[in-house]
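**Q** Pasting the sequence and the predicted model now:
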Amino acid sequence: MSFADRSAGAIETVGAWLLGLIWILPLAYAVWTAFHPSAYATRFDLLAPLTLANFVAAWEAAPFGRYLLNTTAIVTMILAGQFLVCTLAAYAFARYSFPGKSLLFALVLMQLMVMPDILIVENYRTMFGLGLVDTIGAVALPYMASAFGIFLLRQTFMTVPKELEEAAIVEGCSTLGVLWRVYVPLARPVFVAYGLVSVSHHWNNFLWPLIVTNSVETRPLTVGLAVFSSTDQGIDWSIISAATLMTAAPLLVAFLIFQRAFVQSFLRAGIR
Amino acid sequence: MSRLRASIHASLLLLPAVVLLAAFTHVPAVRTFIGALYTTPRGNRPEVFIGLGNYRHLLDDPVFWQAMANNVWYAALTIPLSVILALVMALAVDARLPGRAALRMAYFTPTVLPMIAVANIWLFFYTPGYGLLDQVLGLFGVAQTNWLGSRDTALNAVIAVAVWKEAGFFMIFYLAALQTIPHDLREAAAIEGASRFTFFRRVTLPLLMPTTLFVLVNAVIGAFRLVDHIVVMTRGGPDNATALLLYYIYEIGFRFWDSAYAATLTTVLLAILAVLAAVQFLFLERRIHYR
């Protein structure tokens, strides 16, 4: 390797690390603040005492336990709904021919551009009409039929060899039996990938839950955090930082442990 | 299986998806178009058909134009910045750098945080005087700045947050694409005497085009549909300097409860997304090199 090449390489390494440093800085600052007494929130002293008091204060100041429960319920409900609804629809699109199929599929794909996140006013009216405002169901319902899920599973189901299906029918499987015994097991990696993407998307979702919930019993973590940091706290950044990290922690820890699975899933099922 | 039976089975399988999609996507979209032609019912005053009256109001609404201009600027900066940075990150992590696993994690971590958490972190980071940004700039003698409170800097400050959050996400797609580029291509180019830059421009970049398209589409959608950080960081302020279209819809719909005007604004947003979808389909698809 020539000298020019080597020095270019060195510059690139330094540049990449500088960018990485800039990238991690805001988060590192929040971590520093959350684990130190308020007095050190903005003063850097390597010998500053570590403390968990900010986390305790945040946990006691707002019902984060309840919020966590709500988020878990919402995410589970959406995922279960998506798996059921999208699997059935994807199977129909992959293996059946019926009149109007391509038109219907185009209508489904429209949702990739016109997602429920944009139709907030009308969807709120619908939920109001159904008497579902301020329920966990209202947060979950609009996302259950996901065009992306249907598309992704259809692509996967189409790669399943027809012979397997025929063999299953000869063995006496019903339509749903074929789907459950042949297609679903073969698509398992896609279900895992789609599930991870869906969970991390809806764990972080904010605007729609903000609109449709207004009590402690239904609010997810994200909305709870926003309410907490805008009203209760004045500006005690140590406690707000602790609350922020607490909210992000479950997903963040899961990501750090299952990094490879997360990245693979995002690659496989990129958009939601 | 007879055709009739197949059709019945198919419709039963599709029923839940069709009902849900219609209820929360198609019907509300149509109702939005229709609602935009009426006044908002208030108290005991029922809604009245006013044709294009809401659109006339829209054309005269300075806040709408401000939100449009903001959103165009927001998209025009967020999209190229996050896509280019994503590519740079992917190239960096793809090269045999020391500590690249840690580096990849540093780039990617912001994408798993909720936007609300990100907004809080950056609110603190931007705090005038004692936020980290001002502290660091203070070392270089830069005066204290109210990044989010001043009309001149607020929108760009919000853009920085969006870029920070998105770039790492797009990076993984570039990284995956880079890893599929065969090594003998690089060797062949080296034998032909192509410089690294020529190789990048003539080989790598064209091969990454499908990924770029995919990433671009996502970035564009993101620029119009993600306003969580606006809600927490600026509430559209100061003086509407950071109001994006969807945020303005939220404000009109849920703070002023003017559903007809919110429907009008939503129609505009839907039209923008439709145009973008058409551009993507008709124009970009053809210019992409597919293997």
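**A** On my side now, so go ahead.
**Q** In the record's domain split, what are the boundaries for chain A?
**A** Using automatic domain parsing, the domain parsing of chain A gives A:3-55, A:62-268.
**Q** So which of the ones you listed is the most surrounded?
**A** Across those, averaging neighbours per residue (mean count of other Cβ atoms under 10 Å in any protein chain shown) puts domain A:62-268 on top, at a mean of 19. For the C-beta atoms, the positions are set from N, CA and C on the backbone; glycine is no exception.
**Q** Can you check the distance spanned by it, start to finish?
**A** 37 Å (Cα to Cα, to the nearest Å).
**Q** what separates that domain from the chain centre, distance-wise?
**A** Relative to its chain's centre, domain A:62-268 lies at 7 Å (Cα atoms, centre = their mean, to the nearest Å).
**Q** Now render the domains of chain A as CSV, adding mean pLDDT and distance to residue B:129.
**A** What follows is the domains of chain A, written out as CSV (pLDDT from 0 to 100; distance: least, Cβ to Cβ, whole Å):
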stretch, mean pLDDT, distance to residue B:129
domain A:3-55, 79, 9
domain A:62-268, 88, 12
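**Q** Turn those into TSV, including distance to chain B.
**A** Formatted as TSV, the domains of chain A follow (distance: least, Cβ to the nearest Cβ, whole Å):
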stretch	distance to chain B
domain A:3-55	4
domain A:62-268	3
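**Q** Would you enumerate the residues in contact with the closest residue in space to residue A:120 that isn't next to it in sequence?
**A** For residue A:120, ignoring the flanking residues on the chain, the nearest one in space by Cβ to Cβ, 6 or more residues apart in numbering or on different chains is residue A:211 at 5.7 Å. Residue A:211 is in contact with A:120, A:124, B:250, B:254, counting by Cβ atoms under 8 Å, 6 or more residues apart in numbering or on different chains.
**Q** ok, which pair from those is furthest apart?
**A** A:124 and B:250 (10.4 Å; Cβ to Cβ).
**Q** Nearest to residue A:79, out of the contacts of residue A:211: which one, please.
**A** residue A:120 (22.0 Å).
**Q** Pretty sure the closest one sits against residue B:248.
**A** No: applying Cβ atoms under 8 Å as the test, residue A:120 and residue B:248 come out as separate, 12.0 Å apart.
**Q** Any stretches of the stretch 1-150 of chain B with poor pLDDT?
**A** B:1 (pLDDT under 70).
**Q** which stretches of the stretch 151-272 of chain A form helices?
**A** A:162-170, A:175-178, A:184-186, A:188-204, A:207-212, A:221-227, A:237-257, A:259-268 (DSSP state H, counting those that start in this stretch).
**Q** Distance to residue B:170 for the domains of chain A - can I get that in TSV?
**A** Formatted as TSV, the domains of chain A follow (distance: least, Cβ to Cβ, whole Å):
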stretch	distance to residue B:170
domain A:3-55	13
domain A:62-268	10
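**Q** Of all those, which one is nearest residue B:83?
**A** Short answer: domain A:3-55, nearest of the domains of chain A by Cβ to Cβ, at 15.0 Å.
**Q** Give me the distance between the closest one and the centre of its chain.
**A** 27 Å.
**Q** same deal with stretch B:190-206?
**A** The answer for stretch B:190-206 is 32 Å, by Cα atoms, centre = their mean.
**Q** then that stretch to PDB, C-alphas only?
**A** These are the backbone C-alpha positions of stretch B:190-206, laid out as PDB (Å, rounded to 0.1, in the frame of the first residue of the first chain):
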ATOM      1  CA  ALA B 190      -7.500  -1.800  -9.700                       C
ATOM      2  CA  ILE B 191      -5.800  -3.700 -12.500                       C
ATOM      3  CA  GLU B 192      -7.400  -1.300 -15.000                       C
ATOM      4  CA  GLY B 193      -5.800   1.500 -13.000                       C
ATOM      5  CA  ALA B 194      -9.100   3.000 -11.800                       C
ATOM      6  CA  SER B 195      -8.700   5.200  -8.700                       C
ATOM      7  CA  ARG B 196     -10.800   4.600  -5.700                       C
ATOM      8  CA  PHE B 197     -13.000   7.600  -6.400                       C
ATOM      9  CA  THR B 198     -13.500   6.400 -10.000                       C
ATOM     10  CA  PHE B 199     -14.500   3.000  -8.800                       C
ATOM     11  CA  PHE B 200     -16.900   4.500  -6.300                       C
ATOM     12  CA  ARG B 201     -18.500   6.800  -8.900                       C
ATOM     13  CA  ARG B 202     -18.600   4.300 -11.800                       C
ATOM     14  CA  VAL B 203     -19.300   1.000 -10.100                       C
ATOM     15  CA  THR B 204     -20.400   1.300  -6.500                       C
ATOM     16  CA  LEU B 205     -22.800   4.200  -6.900                       C
ATOM     17  CA  PRO B 206     -24.700   2.700  -9.800                       C
END
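**Q** How about the residues of the stretch 151-291 of chain B by chain A?
**A** Taking Cβ under 8 Å from any Cβ of the partner chain as the test, the list of the stretch 151-291 of chain B residues beside chain A reads B:164, B:168-169, B:172-173, B:176, B:196, B:214, B:218, B:221, B:224-225, B:227-228, B:231-232, B:246, B:249-250, B:253-254, B:259, B:262-263, B:266, B:269-270, B:273-274, B:276-277.
**Q** Show residues contacting stretch A:258-272.
**A** A:112, A:146, A:148, A:152, A:189-190, A:192-198, A:200-201, A:254-255, B:105, B:108, B:112, B:169, B:172-173, B:176, B:214, B:218.
**Q** do the same with stretch B:28-39
**A** Residues from elsewhere that reach stretch B:28-39, judged by Cβ under 8 Å, 6+ apart: A:114, A:116, A:119, A:121-123, A:125-126, B:47-55, B:259-260, B:263-264, B:266-267, B:270.
**Q** Report the buried residues of that stretch.
**A** B:28, B:29, B:31, B:32, B:35, B:36, B:37, B:38, B:39 (16 or more other Cβ atoms under 10 Å in any protein chain shown).
**Q** Secondary structure element holding the residue lying closest to residue A:36 once chain neighbours are set aside?
**A** Nearest non-adjacent residue to residue A:36, counting by Cβ to Cβ, 6+ apart: residue A:48, 5.0 Å away. Taking DSSP states H and E as the definition, residue A:48 sits outside all helices and strands.
**Q** Test my guess that residue B:218 contacts residue B:172.
**A** No: contact criterion Cβ under 8 Å: residue B:218 and residue B:172 do not qualify, at 11.9 Å.
**Q** Mind checking which of these two has more residues around it?
**A** residue B:172 (23 against 19; other Cβ atoms under 10 Å in any protein chain shown).
**Q** For that one, which residues are in contact?
**A** A:263, A:266, A:267, B:90, B:108.
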